[in-house]
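Engineer: Provided below are the primary sequence and the corresponding predicted coordinates.
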Amino acid sequence: MEYLQFGKAICYSGYRKGQSPKGSCPSKEQVEEDIKILNDSGYRYLRMYDPNDHARFVLETIRDKGYPIKCMVGIDSDNEINNPGCPFEDQHYTPEELAAHRARNDAELDKLIALAKEFDDEICAVSVGNENTPPWGQHMVSEGRLISHVRKLKENLDKPVTFCEGFSDWPNIRDLAREVDIISVHSYPYHYSGDLENAVSDNRMHYAKMREMFPDKQVIFTEVGWSSNSHDNEKPHATLENEKRYITELQKWIEEDKVIAFIFEAFDELWKGDFKDSSECNFGLYNEERSPKW
């Protein structure tokens, strides 16, 4: 079953200088500026990562302005499991701390349910998480817990439910795959090899394999992208020229084959790295000043 019809899609987090998900969020006026840019550029789907005030401002803007945009909204889970393989931090959370994380995740799920009921017309799908199962994951949640979250959303909402995870990780969570309505895939040739020549071919291969693995599910991409910069030349393939070429070739394919692909991401976000030219800060199709990169 195709729950979502084809349309231009993009991941949106509007955090600007001095803002972050754990700090202050963009103002209503800043959100209105962003959503007008994205609407005028023809985007019909936005993906947002948690049901916070930022998401509320976006949904209010879409409703108030009458924009023909639908949103996928998820929860940004704290880790419920210590992961000794995490390269980003040494995880030694106590049982009490992990229990607090579980309680916080449950509360986020309740917030998502309330938000989806309030903005029924604007929210087209809901997600139980984002990259919570890979070996390197910083925010690990068990497959069983994710399944329980899927079931809770289905009990309370009449919307397709998904989980957003990397291409190579979906084969390891087949029980969860059976529960969700949509298989949401992250595919990053930029990270895997940096091979620009074959990047879109790799995306196509990942899509075909997911369709073959889950033939009774709608398969979409919820993250595909390329960075335009990299600190100290850590990733020499991170250039504006390469980002432009990759996105152009990607858009040509997904338009021809009518594949829903949320491009990562709308705007550069400086909070994501220690340096302005850090790779993770520069995936936007627009820079921090809201100007298109090309």
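Structural biologist: Thanks, I have the structure now.
Engineer: make it CA atoms for all contacts and neighbour counts henceforth
Structural biologist: OK.
Engineer: Residue 219 falls within a strand, correct?
Structural biologist: Yes: Residue 219 sits within a strand when classified using DSSP: H, G, I helix; E, B strand; the rest coil.
Engineer: is it true that it touches residue 180?
Structural biologist: No: using Cα atoms under 8 Å, residue 219 is not in contact with residue 180; the gap is 10.9 Å.
Engineer: And the strands in the stretch 1-150 of the chain?
Structural biologist: Ranges of strands within the stretch 1-150 of the chain are 9-11, 45-48, 70-74, 123-130, based on DSSP state E, counting those that start in this stretch.
Engineer: quick one, which of the ones you listed is nearest to residue 240?
Structural biologist: Each of the strands of the stretch 1-150 of the chain has some distance to residue 240 by Cα to Cα; the shortest is strand 9-11, at 18.4 Å.
Engineer: And the contacts of the closest one?
Structural biologist: 43-48, 222-223, 260-266 (Cα atoms under 8 Å, 6 or more residues apart in numbering).
Engineer: now it: mean pLDDT?
Structural biologist: For strand 9-11, mean pLDDT is 99.
Engineer: who does it pair up with?
Structural biologist: strand 45-48 (parallel), strand 261-263 (parallel) (DSSP bridges).
Engineer: Need the phi and psi values for residue 201.
Structural biologist: Main-chain dihedrals, residue 201, degrees, to the nearest 10: phi -60, psi -40.
Engineer: May I have the predicted confidence score for it?
Structural biologist: Looking at residue 201, the pLDDT reads 98.
Engineer: now do residue 277
Structural biologist: So, for residue 277, pLDDT stands at 83.
Engineer: isn't it right next to residue 227, touching?
Structural biologist: No: look at residue 277 against residue 227 with Cα under 8 Å: they stay out of range, at 9.9 Å.
Engineer: Mind checking which of the two has more residues around it?
Structural biologist: Using other Cα atoms under 10 Å as the criterion, residue 277 and residue 227 rank with residue 227 on top: 28 against 17.
Engineer: list the contacts for the more buried one?
Structural biologist: 190, 238, 239, 240, 243, 279, 280, 281, 282, 283, 284.
Engineer: how deep is residue 124 tucked in, by neighbour count?
Structural biologist: Neighbours around residue 124, by other Cα under 10 Å: 21.
Engineer: Which residues does the helix or strand where residue 175 lies contact?
Structural biologist: Element membership for residue 175, per DSSP states H and E: helix 174-179. The contact list for helix 174-179 (Cα under 8 Å, 6+ apart) reads 143, 144, 146, 147, 150, 151, 170, 183, 214.
Engineer: buried stuff in that helix?
Structural biologist: 176, 177, 179 (16 or more other Cα atoms under 10 Å).
Engineer: so what's the last one scoring on pLDDT?
Structural biologist: Read it as residue 179. pLDDT, residue 179: 99.
Engineer: Quick check: the gap between it and residue 56.
Structural biologist: 27 Å (Cα to Cα, to the nearest Å).
Engineer: Tell me what angle the top helix by length along the chain forms with strand 123-130.
Structural biologist: When the chain is parsed with DSSP state H, its longest helix is helix 95-118. With axes from the mean of the first three to the mean of the last three Cα atoms, to 10 degrees defining the directions, helix 95-118 sits at 170 degrees from strand 123-130.
Engineer: Helix 95-118 packs against which elements?
Structural biologist: strand 123-130, helix 143-156 (3 or more Cα pairs under 8 Å, 6 or more residues apart in numbering; DSSP states H and E).
Engineer: Now do that helix, average pLDDT.
Structural biologist: Helix 95-118 comes out at a mean pLDDT of 99.
Engineer: Report the buried residues of it.
Structural biologist: By neighbour count with 16+ other Cα under 10 Å, helix 95-118 contains the buried residues 98, 101-102, 105, 108-113, 115-117.
Engineer: What lies in contact with that helix?
Structural biologist: 50-51, 56, 73-81, 123, 126, 128, 149, 153, 156-157.
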